[in-house]
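A.B. asks: one predicted model, sequence on top.
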Amino acid sequence: MMKKALLPIVILLGIIGICKAQNKELELKPIKITSGQSDKQNQIKSPVYFILCGNGSCMAKDLLHDFIIEEYHNQTAKEIYNNILMVVTSMYKSPKDAINKVENKMITVDGFIEYAGIRKAQYKDRKVSISYRLQFDFKDGKMRIKAPVIIDAYEEDKNIGDFPFYMKEVLWGIADDTVQEIQKKLNNVISLIIFQSRTIKNDW
């Protein structure tokens, strides 16, 4: 009787283990990308820092640079670095897997946005998710944010693979709403990081 009772539990644990192994990317999923912003923040239109281009790359909105500069007056590189590190550590489910850093100089973040957009297909709308990389460089009084790099795209649970090809052949000029949604979600991530880094109080 005990063996029969334990059998469903053993099967369930096995299924969970398989799902975790097959979806390692989900460990990089930011906790706060879609739900972490307050209602007030969600009502504020996020700035457009970067434009998603037809070749799958991102550029600053002037289309001349692959980075932007954020000024942090009267703050040292160490202070800016520590604030950004604090923010991104709180945002990601598994910070040790998502974040790489060179102390006081650079932070890179590998993240995952589930359902970054919807692509309308002939028979069924498809949910598009992306994995991406952000890079932050630090100097006294300023931070450089490199253009986001989209590493992979997923339709439902299928890894599309070659994102530049997917962008050019499937999305660009065909699913413009999807492109705009992905662009908006990436800019929202960056906006949230910048906003929170500027509002940290270290007086407790």
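C.D. replies: Good, I have the coordinates.
A.B. asks: need the next SSE after the helix or strand harbouring Tyr81, C-terminal direction.
C.D. replies: According to DSSP states H and E, Tyr81 maps onto helix 77-91. Per DSSP H and E, the first helix or strand lying C-terminal to helix 77-91 is helix 95-98.
A.B. asks: against which helices or strands is that following helix packed?
C.D. replies: helix 77-91, strand 106-119 (3 or more Cβ pairs under 8 Å, 6 or more residues apart in numbering; DSSP states H and E). C-beta here means a position set from N, CA and C on the backbone, and glycine is covered the same way.
A.B. asks: thinking again about what came up before, what's in contact with the helix holding Tyr81?
C.D. replies: Residues outside helix 77-91 that contact it (Cβ atoms under 8 Å, 6 or more residues apart in numbering) are 30-33, 36, 72, 95, 98-99, 101, 103-105, 107, 109, 136, 138-140, 142-143, 192-193, 196-198, 200.
A.B. asks: can you flag the buried ones in those residues?
C.D. replies: Among these, those scoring as buried are 30, 32-33, 72, 98-99, 104, 107, 109, 136, 138, 143, 192-193, 196-197 (criterion: 16 or more other Cβ atoms under 10 Å).
A.B. asks: what's the burial count for Leu85?
C.D. replies: 19 (other Cβ atoms under 10 Å).
A.B. asks: that one and Asn100, how far apart?
C.D. replies: Look at Leu85 and Asn100: by Cβ to Cβ, to the nearest Å, they are 11 Å apart.
A.B. asks: overlap in contacts of these two?
C.D. replies: Ile107.
A.B. asks: distance to Ser131 and mean pLDDT for the helices and strands packed on helix 95-98 - can I get that in CSV?
C.D. replies: Putting the helices and strands packed on helix 95-98 into CSV (distance: least, Cβ to Cβ, whole Å; pLDDT from 0 to 100) gives the following:
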stretch, distance to Ser131, mean pLDDT
helix 77-91, 15, 95
strand 106-119, 5, 93
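A.B. asks: to Ile51, which of the ones you listed lies closest?
C.D. replies: strand 106-119 (15.3 Å; Cβ to Cβ).
A.B. asks: so which bits of that closest one are buried?
C.D. replies: 107-114, 116-117, 119.
A.B. asks: parallel or antiparallel, which strands does that strand pair with?
C.D. replies: strand 99-102 (antiparallel), strand 126-139 (antiparallel) (DSSP bridges).
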